[in-house]
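# The following block contains a protein sequence and its predicted model.
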Amino acid sequence: MLETSQDLLRLAIALVVLFIGLAIGWGCVYIALILRDVKKMTKSARKKLDLVDQILETVKKKVETTANYLPPLIEGVGKLAAHFKDKKRGKAKRRK
């Protein structure tokens, strides 16, 4: 089998080539696993951002709806405050 030193050299080169091939294959698998994890993380982040976007849209709609009712409410509270203020002045005048 190993009759000359050249046969030993060729066997050593074949083993090195086999080892390099296995290392490259293992590296490709490892890179594929890393890319799969990155894809999962970006998908999860996208879902969370979509959820945050939906929440913000809901809050925006609620604020817009509330803003439509706010001016009449402020006007009503102002009239109530004026009414109670006038009522209080009336009691103060009666006591004097």
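Everything's here; your move.

# Look up how far Lys79 lies from Leu73.
Applying Cβ to Cβ, to the nearest Å, the value for Leu73 to Lys79 is 11 Å. Where C-beta positions appear, they are placed from N, C-alpha and C, glycine not excepted.

# So which residues of the chain form helices?
For the chain, helices defined by DSSP state H occupy the ranges 5-95.

# Stretch 38-45: how far from the chain's middle?
Distance of stretch 38-45 from its chain centroid, counting by Cα atoms, centre = their mean, to the nearest Å, is 10 Å.

# try stretch 77-95
For stretch 77-95, the distance to the chain centre is 53 Å (Cα atoms, centre = their mean).

# just stretch 74-87 next, same as before
Centroid displacement of stretch 74-87 relative to its chain, using Cα atoms, centre = their mean, is 46 Å.

# ok, now stretch 57-77?
28 Å.

# Any buried residues in it, and which?
Within stretch 57-77, no residue counts as buried by 16 or more other Cβ atoms under 10 Å.

# start at 4 instead
Happy to do that; since the first residue is 4 now, the last one works out to stretch 60-80.

# can you give me the mean pLDDT across it?
Mean pLDDT, computed over stretch 60-80, is 84.

# go on, stretch 38-57?
Averaging pLDDT along stretch 38-57 gives 96.

# can you check stretch 22-29 too?
98.

# what do you get for stretch 4-13?
On average, stretch 4-13 scores 89.

# State the distance spanning the first to the last residue of that stretch.
12 Å (Cα to Cα, to the nearest Å).

# residues in contact with that stretch?
Leu14 (Cβ atoms under 8 Å, 6 or more residues apart in numbering).
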